[in-house]
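K.L.:
I need the structure of the sequence given here:
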Amino acid sequence: MQTLGEFIIEKQKDFSEASGELSKLLSSIKLATKIVNREVSKAGITNILGAVNQMNVQGEQQQKLDVFANDHFIKALTARGVVCGIASEENDDFIICNPTENSGKYVVAIDPLDGSSNIDVNVSIGTIFSIYKRKSQLGTPVVLDDFLQKGTDQIAAGYVLYGSSSMLVYTTGNGVNGFTIDPSIGTVYLSHPDMKIPSQGYIYSVNEGHYNSFSEGIKKYIDYCKDTTDKKPYSARYIGSLVADFHRNLIKGGIYMYPSTKSAPNGKLRLLYECNPLAFIIEQAGGKATNGKRRILEIEPKELHQRTPILIGSKQMVEKAEALISTT
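P.N.:
Residues are numbered from 1 along each chain as shown. Next up is the predicted model:
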């Protein structure tokens, strides 16, 4: 069975400018993933559960594992000198890596620990990352514009699911591949080659507690999912951990929705850290991602922590939702 390291080296030839930097970057993510996975697997028997007495830039209370994951991903990404800047959901501003050299070719946007509110109840959580080539000149300090790139400019993107088995799923624009960590020896093996999402699924994932705050178009689609007039009703499945909900729908087929509400007119999920990387993955797997009116990957980011509504998953399901939204 092929390991992640072997796979990365083999696929390096897919890049005309390949000189090893991207392979080093992905290897750094692999290392941090294994460290965080080890700590997650010990949660409950070590002092890693619970909150710390501070808030992140999103106004959310940080968990101990949030801080642990953020620190270790930043350390791993900085260590090899190929990343010039990191934008983390947990930090107010971007981080300049190796400022005396400024030699890194890539910038990384990352949500180090998605779903952290579920940590204490042993629900699957994850990491989401996005990689871009810097726009500023090599040898100069990284700037904000290096991060404010459209999703179509991504070089690679992926997520890690820490669950019953822990997986790393990523794309470099040549399909989607999934790798599973063997906990007995720590090796990461290719387990899900060339992943594809069914064009039509029967699962819809949305927090229906906000139903009365949704737009009429979203309400119409949810009602359609439940309708039995000319089809069987869809199954509602909502874990409340983005990576877990997304991963299930990628495997089985389905749609995940986090639309705008009256209290959050711009949605809740972050464009750079969550929506762009997952949209890149879903499109590479044959699915679709939209904010209800526009392709997620074509949205021009204006700020580091920008939010957006999102509908993402099986192509036919997303298109049906768009059609109903357009009639309201």
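
K.L.:
state the helix or strand in which residue 76 lies.
P.N.:
Mapping residue 76 onto the secondary structure by DSSP states H and E places it in helix 64-79.

K.L.:
and the next helix or strand after that helix, what's its mean pLDDT?
P.N.:
Next in sequence after helix 64-79, counting helices and strands by DSSP H and E, comes strand 83-88. For strand 83-88, the mean pLDDT works out to 95.

K.L.:
helices along the protein, start to end?
P.N.:
4-11, 21-41, 64-79, 216-226, 242-252, 276-284, 315-326 (DSSP state H).

K.L.:
what's the fourth one packed up against?
P.N.:
Contacts defined by 3 or more Cβ pairs under 8 Å, 6 or more residues apart in numbering; DSSP states H and E place helix 216-226 against helix 315-326. (Glycine included, C-beta is placed from N, CA and C.)

K.L.:
ok so, going back, most tightly surrounded among the helices of the chain?
P.N.:
helix 276-284 (a mean of 26; mean count of other Cβ atoms under 10 Å).

K.L.:
how far does stretch 93-113 sit from the chain's center?
P.N.:
How far stretch 93-113 lies from its chain's middle: 18 Å, per Cα atoms, centre = their mean, to the nearest Å.

K.L.:
whoops, I mixed them up, stretch 77-87
P.N.:
Worked out by Cα atoms, centre = their mean, stretch 77-87 lies 19 Å from the chain centre.

K.L.:
tell me the domain boundaries of the chain?
P.N.:
4-192, 203-326 (automatic domain parsing).

K.L.:
pull the helix or strand with minimum mean pLDDT from the chain.
P.N.:
When the helices and strands of the chain are scored by mean pLDDT, DSSP states H and E, strand 51-55 comes last with a mean of 57.

K.L.:
pipe the helices of the chain into JSON lines and attach distance to residue 109 per row.
P.N.:
Formatted as JSON lines, the helices of the chain follow (distance: least, Cβ to Cβ, whole Å):
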{"stretch": "helix 4-11", "distance to residue 109": "20"}
{"stretch": "helix 21-41", "distance to residue 109": "12"}
{"stretch": "helix 64-79", "distance to residue 109": "11"}
{"stretch": "helix 216-226", "distance to residue 109": "27"}
{"stretch": "helix 242-252", "distance to residue 109": "15"}
{"stretch": "helix 276-284", "distance to residue 109": "8"}
{"stretch": "helix 315-326", "distance to residue 109": "23"}
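
K.L.:
so which of those helices gets nearest residue 167?
P.N.:
helix 242-252 (7.5 Å; Cβ to Cβ).

K.L.:
kindly calculate the angle that the closest one makes with helix 276-284.
P.N.:
0 degrees (axes from the mean of the first three to the mean of the last three Cα atoms, to 10 degrees).

K.L.:
numbering from 584 from now on, please.
P.N.:
OK, 584 is where the count begins now, so the last one is helix 825-835.

K.L.:
average pLDDT across helix 825-835?
P.N.:
97.

K.L.:
how about residues contacting that helix?
P.N.:
697-698, 706-711, 742-744, 746, 750, 752, 778, 780-781, 784, 786, 788, 820-822, 837-839, 841, 852, 857, 861, 864-865, 868, 870, 895-897 (Cβ atoms under 8 Å, 6 or more residues apart in numbering).

K.L.:
repeat the analysis, applying 6 Å as the threshold.
P.N.:
With contacts defined as Cβ atoms under 6 Å, 6 or more residues apart in numbering, helix 825-835 is touched by 697, 707, 709, 742, 744, 780, 786, 788, 822, 839, 861, 896.

K.L.:
low-confidence ranges in the stretch 634-783 of the chain?
P.N.:
Scanning the stretch 634-783 of the chain for pLDDT under 70 picks out 634-645, 685.

K.L.:
show me where it has its strands.
P.N.:
With DSSP state E, counting those that start in this stretch, the ranges of strands along the stretch 634-783 of the chain come out as 634-638, 644-646, 666-671, 678-679, 689-697, 708-716, 739-745, 750-754, 759-764, 771-775.

K.L.:
listing partners with orientation, what would you give for the fourth one?
P.N.:
If I follow you right, that is strand 678-679. strand 666-671 (antiparallel) (DSSP bridges).

K.L.:
now the angle from the strand it pairs with to helix 604-624?
P.N.:
Using the same axes, to 10 degrees: strand 666-671 against helix 604-624 is 40 degrees.

K.L.:
got the angle for strand 666-671 vs strand 708-716?
P.N.:
Here strand 666-671 points in a direction 140 degrees away from that of strand 708-716 (the same axes, to 10 degrees).

K.L.:
sweet, I'm off.
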